[in-house]
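> sequence first, then the predicted structure, then my questions.
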Amino acid sequence: MKVHRQAGTLTRRSFLKGSAILTGMLASGSILATLAPSRVWALELKQLNQLQADTILAMAKALYPHKDLPDAVYALLVKDIDASAQEAAGAELVKAGVEKLNAAAGGDFAKLSLEKQTDILKAMEKEGNPFFRKVRGQGVTSLYDNDMAYKYFGYEGEVFSRGGYLKNGFDDLKWLPDPPVEASPPFAS
């Protein structure tokens, strides 16, 4: 029996050819591990290939370095860049940008030291590279506007519905030193 495929049908091979999967594990005892249903995570990408995904993940970590911030949070930026690559212009921007990073690295940008990655990214920033601007700009919202980042940084999120910030964690930051008394005079009601 012969099976005929219709033109345009997505086969497993064509699907796997154009997609990538980022995976990782949250450290046990980390703040995010307590939130997640599992310590293992995976992110399926639709447009990016594995090299592009790995390069953008490394770029995100170099642009926004945070000690012990899990790759799962950085992967949210990769996911958003993947979504922007659905359009032909976005896909070409990513392709050219990743090629430029890897060429500047002499091979694999993701395998360079943070210092060398930073030097390459500073050069891209100086030239006004549109790929650099895209990833850097998207990084602000992708990395910092999500519940995992809120938990990591100690931000409680929206509290208007619970009475506002003055009564819900306004001054309970643990990662900044306490300001001098004269910088925070008593609240007069």
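Yep, that arrived.
> drop to CA atoms for contacts and neighbour counts, all remaining ones
Noted.
> what about Asn102, neighbour count?
When neighbours are defined as other CA atoms under 10 Å, Asn102 has 19 of them.
> show the contacting residues for it.
Asn102 is in contact with Asp108, Phe109, counting by CA atoms under 8 Å, 6 or more residues apart in numbering.
> so Ala53 is in which element?
Following DSSP states H and E, one finds Ala53 within helix 50-63.
> for Glu44, same thing?
Assigned by DSSP H and E, Glu44 falls in strand 40-45.
> who touches the helix holding Ala53?
Counting by CA under 8 Å, 6+ apart, 19-22, 71, 74-75, 77-78, 94-95, 98, 108-110, 114, 117-118, 121, 135-136, 139 sit against helix 50-63.
> ok, Trp175 to Gln117 distance?
27 Å (CA to CA, to the nearest Å).
> of the two, who's got more company?
Gln117 (21 against 8).
> phi, psi of the more buried one?
Recorded main-chain torsions at Gln117 are phi -60, psi -40, according to degrees, to the nearest 10.
> residues in contact with Ile116?
For residue 116 the amino acid is Lys, not Ile. By CA under 8 Å, 6+ apart, no residues touch Lys116.
> name the element it belongs to?
Assigned by DSSP H and E, Lys116 falls within helix 114-126.
> buried residues in that helix?
Going by neighbour count (16 or more other CA atoms under 10 Å), the buried part of helix 114-126 is Leu114, Gln117, Thr118, Ile120, Leu121, Met124.
> leaving out the residues flanking it, which one is nearest to the first one?
The spatially closest residue to Leu114, leaving aside those adjacent along the chain, is Ala62, at 6.2 Å (CA to CA, 6 or more residues apart in numbering).
> tell me how many other residues crowd that neighbour.
Counted with other CA under 10 Å, Ala62 comes out at 19.
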